[in-house]
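Colleague: Here is my input, please return the structure:
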Amino acid sequence: MDEVVARAGVAKATLYHHFASKDDLIVAFLQEREERWTFGWVVAEAERRADDPEGQLLAIFDLFDEWFRRDDYEGCSFLNVLVELGRDHPAGRASVRHMATIKGLLSSLAEGAGLRDPDAVAESCHLIMKGAVVQAIEGDVDAARRARVLARLLIHHHREESPV
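Modeller: Just a heads-up that it's a prediction; the model follows:
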């Protein structure tokens, strides 16, 4: 907290007035991150790049490709917090809620695209996304491109008339 106070240039009392604990500060950061990153960038940019839900779903992987190639790429804040603190920690619970939000967005896109079992599409697509994030942390900047191919296969599979 001392480092946060120093970087923010505020008094410790001011910081603690707004955030009673380090956990509260982390949760607030994650909420702001969700607004700016998820809704302000991913959703807004996917909608700008594609008019249809399927195109928007695939555009997310194009955005990830750009993200992974940034010099300041350091993975997903939500995954990092979840791995570091665990799902039972207050910030871990906030990360789990964020993951549910992402799956809800993916499910809505899958439903809008007319795919069979949109929730299953969302679960599988989210699994692909998280795997790509980790792969990119390992240094694989092409992970999102391969993930997009997998997402296309997933979409094709859920377009078929009969489940396999």
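Colleague: Extract the C-alpha set from the longest helix along the chain and format it as CSV.
Modeller: Looking across the chain with DSSP state H, the single longest helix is helix 90-112. Extracted C-alpha coordinates of helix 90-112, given in CSV (Å, rounded to 0.1, in the frame of the first residue of the first chain):
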residue,chain,number,x,y,z
PRO,A,90,-12.2,-11.6,-2.5
ALA,A,91,-10.2,-10.6,-5.6
GLY,A,92,-10.4,-14.2,-6.8
ARG,A,93,-14.1,-14.1,-6.5
ALA,A,94,-14.2,-10.9,-8.5
SER,A,95,-12.1,-12.6,-11.2
VAL,A,96,-14.5,-15.5,-11.3
ARG,A,97,-17.4,-13.1,-11.7
HIS,A,98,-15.5,-11.4,-14.5
MET,A,99,-15.0,-14.8,-16.2
ALA,A,100,-18.8,-15.4,-15.9
THR,A,101,-19.4,-12.0,-17.6
ILE,A,102,-17.1,-13.0,-20.5
LYS,A,103,-18.9,-16.3,-20.8
GLY,A,104,-22.2,-14.5,-20.8
LEU,A,105,-21.0,-12.2,-23.6
LEU,A,106,-19.7,-15.1,-25.6
SER,A,107,-23.0,-17.0,-25.1
SER,A,108,-25.0,-14.0,-26.3
LEU,A,109,-22.8,-13.8,-29.4
ALA,A,110,-23.2,-17.5,-30.0
GLU,A,111,-27.0,-17.3,-29.6
GLY,A,112,-27.1,-14.3,-31.9
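Colleague: quick one: the strands in this protein?
Modeller: In the chain, no strands are defined using DSSP state E.
Colleague: Can you give me the buried ones in the longest helix of the chain?
Modeller: Neighbour-count burial for helix 90-112, counted by 16 or more other Cβ atoms under 10 Å, picks out 91-95, 98-99, 102-103, 105-107, 109-110. For every residue, glycine as well, the C-beta is placed using N, CA and C.
Colleague: Just flag the most distant two among these.
Modeller: Among these, the pair separated by the greatest distance (Cβ to Cβ) is A91 and A110, at 28.6 Å.
Colleague: on that earlier part again, what is the nearest of the buried residues of helix 90-112 to G55?
Modeller: Relative to G55, the closest of the buried residues of helix 90-112 is L109; by Cβ to Cβ it sits at 9.3 Å.
Colleague: as a whole number, average confidence for stretch 23-40?
Modeller: Stretch 23-40 comes out with an average pLDDT of 91.
Colleague: Since that was my last question, I'll sign off now.
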